[in-house]
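Asker: below are the sequence and a predicted model; questions follow.
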Amino acid sequence: MGAESLKTDMNILATSLASVQRGFLLNDRDKTVKLLADLKTHVYHVLGNEKKVVALLPEKLKYKSRIAVNSGKMIRTYIDEIEGIYYDKTLTPIKAQMEAQSALVNIQVQCYKCHNLVRDWKN
């Protein structure tokens, strides 16, 4: 574990999120739901275990592991929300899309929050 593993894991998460965003932009619900399931799995793999997160972070950032783990939990919660929206038959297609997009923005916020608070910024 370490910097190289962290870089690889973050690249996988970034690619997975970009695929989800593309699914939204193409308005392909079925594909988006599958891509969301993949993202959820990747997020859990990378951020679902505090011991793993601690092992990935540089020594001086290990104390920030809970931020990453909590962001991972929130991302998975928003994915569940999107899946629920997509299967909610009481919503019109446009309303469902707008609510799902709002939850997607919340996922992005969690990603940025974690990066801003946890990443080793050199000033």
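Answerer: Good, I have the coordinates.
Asker: per-residue confidence averaged over the top helix by length along the chain?
Answerer: In the chain, with assignment by DSSP state H, the single longest helix is helix 93-118. Averaged over helix 93-118, pLDDT sits at 95.
Asker: now swap in stretch 26-38 and tell me
Answerer: Mean pLDDT, stretch 26-38: 94.
Asker: which parts of it are buried?
Answerer: If you call a residue buried by 16 or more other CB atoms under 10 Å, then stretch 26-38 has these buried ones: Arg29, Thr32, Val33, Leu35, Leu36. (Each C-beta comes from the backbone N, C-alpha and C, glycine too.)
Asker: turn those into TSV, columns for distance to Pro93 and secondary structure.
Answerer: Below are the buried residues of stretch 26-38 laid out as TSV (distance: CB to CB, whole Å; DSSP: H, G, I helix; E, B strand; the rest coil):
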residue	distance to Pro93	secondary structure
Arg29	9	helix
Thr32	13	helix
Val33	14	helix
Leu35	19	helix
Leu36	17	helix
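Asker: point to the residue nearest the middle of the chain.
Answerer: Ile75 (4.6 Å; CA atoms, centre = their mean).
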